[in-house]
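A.B. asks: A predicted structure for the sequence below; I have some questions about it.
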Amino acid sequence: MNAQSLAQRAYSQSATTTRTDRRIEYELIAQITHRIRAAALKGKRGFPQLVEALSDNRKLWTAFAVDVSDDGNALAPELRAQIFYLAEFVQVHTGKVLTGKARVAPILEVNAAILKGLSGRGAPR
């Protein structure tokens, strides 16, 4: 192993360990949102991928709901309540999408709003 490969390996490990929770959440939501959008654009052909992506999205939102329900969560109570409400909405609306009774767009919009907030672009100035 040469010095360059050692340096690259050390840097990549450092970069991975210095990612913030906020950044990890952003990346995870972005990946799932991209998968939902890509599957939805395929129409009926993409339904199996849509089911899988929506399932992952539901799991993510369930984790958010559990996290904001914890008494030790440091977020403001109003924000915690809003996130919990969005998690409930995502759960219910996903069921409607999977049964063909609703469109996927509102789920994409919710995820996009969260991404905007996590990136700091949604914060009031």
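C.D. replies: Here it is on my side, so go on.
A.B. asks: quick one: the helices in this structure?
C.D. replies: Applying DSSP state H to the chain gives helices spanning 3-17, 21-41, 47-69, 77-98, 105-119.
A.B. asks: same for the fourth one, what does it pack against?
C.D. replies: Yep, that's helix 77-98 we're talking about. helix 47-69, helix 105-119 (3 or more Cβ pairs under 8 Å, 6 or more residues apart in numbering; DSSP states H and E). Where C-beta positions appear, they are placed from N, C-alpha and C, glycine not excepted.
A.B. asks: and the angle from the longest one to helix 21-41?
C.D. replies: This points to helix 47-69. 150 degrees (axes from the mean of the first three to the mean of the last three Cα atoms, to 10 degrees).
A.B. asks: so which residue is smack in the middle of this structure?
C.D. replies: Centroid check for the chain by Cα atoms, centre = their mean gives residue 29 as the closest residue, at 2.1 Å.
A.B. asks: phi and psi next, for residue 104.
C.D. replies: The phi/psi pair for residue 104 (degrees, to the nearest 10) reads phi -80, psi -10.
A.B. asks: correct me, but it touches residue 50?
C.D. replies: Yes. Counting by Cβ atoms under 8 Å, residue 104 touches residue 50, with 7.2 Å between them.
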